[in-house]
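Visitor: could you work out the structure for the sequence below:
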Amino acid sequence: MILTIADLKIKYHHFSDIQGKIHREIKDGKYIQLIRGLYETNKETPGYYLASYIYGPSYLSFDYALYYYGLIPEKVTTYTSATFNKRKTKSYHNDFGHYVYQDVPKKAYPYELKTIEEYGYVYHIATKEKALCDKLYTVKPVHSMKQFIHLLFEDLRIDQDVFNTLDKEKIKMLCHKYHSTNLKFLYKLVKEKTYANH
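Guide: Down below sits the predicted model:
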């Protein structure tokens, strides 16, 4: 369960030294600090449940979501999330893991998100298509379709079989939400299916 410092102050309002009581409970491990003023009570809580609470508005995307959906082979242990209008990357580390938050365009932000509730926690995650678009937006632009295909399947190691299952209409809709050379190549790729013989 996630609790704020305000929740704890209410819980211990009958103590003469409220802050001291809270400090002792934290020190004893009853409450685990996520960030200043925000605590988790269960040390077994999966880290991805907590990402949207630590900094927001945000949703899980980029490498973590690509791994989550099986689009990339490497296990990703950093919880990567998308934000908008924050203007700089934010990073947090706590007992549950490492959390990184990075901007995507405000115009693109609200599309193709899933809100999932599990065991009383609510977390937000990009769809497969959105996670790929977000990732491509953040990497250095390429200058040809040949370079783009190499970027997609060699550098980013996107699984081509999973890529082939993506909803191409969703991708084409999303590509227009980013001012990005890479997304223009992605639009052309799914429209022309020029990756089929890669």
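
Visitor: neighbours of Arg83, how many?
Guide: I think there's a mix-up here, since residue 83 is Thr and not Arg. The number of residues packed near Thr83 is 21, by other C-beta atoms under 10 Å. All C-beta atoms are positioned from the backbone trio N, CA, C, and that covers glycine.

Visitor: for the spatially most central residue of the chain, phi and psi?
Guide: By C-alpha atoms, centre = their mean, the chain has its centre lying nearest to Leu60, at 2.0 Å. Leu60 has phi and psi values of phi -60, psi 130 when expressed as degrees, to the nearest 10.

Visitor: so who does it touch?
Guide: 48, 51-52, 68, 79-82, 123-126 (C-beta atoms under 8 Å, 6 or more residues apart in numbering).

Visitor: from the residues you listed, keep the buried residues only.
Guide: Neighbour-count burial (16 or more other C-beta atoms under 10 Å) applied to the contacts of Leu60 gives 48, 51-52, 68, 79-82, 123-126.

Visitor: okay, the residues you listed in TSV with pLDDT, distance to Asp161 and secondary structure next?
Guide: Listed next are the buried ones among the contacts of Leu60 as TSV, based on pLDDT from 0 to 100; distance: C-beta to C-beta, whole Å; DSSP: H, G, I helix; E, B strand; the rest coil:
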residue	pLDDT	distance to Asp161	secondary structure
Tyr48	96	24	helix
Ala51	97	28	helix
Ser52	95	30	helix
Tyr68	95	17	helix
Tyr79	98	26	strand
Thr80	98	23	strand
Ser81	98	27	strand
Ala82	98	25	strand
Tyr123	95	27	strand
His124	97	27	strand
Ile125	98	21	strand
Ala126	98	20	strand
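
Visitor: in a markdown table: those, plus distance to Lys184.
Guide: Below are the buried ones among the contacts of Leu60 laid out as a markdown table (distance: C-beta to C-beta, whole Å):
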| residue | distance to Lys184 |
| --- | --- |
| Tyr48 | 31 |
| Ala51 | 30 |
| Ser52 | 30 |
| Tyr68 | 26 |
| Tyr79 | 29 |
| Thr80 | 23 |
| Ser81 | 25 |
| Ala82 | 20 |
| Tyr123 | 31 |
| His124 | 27 |
| Ile125 | 25 |
| Ala126 | 20 |
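
Visitor: good, wrapping up.
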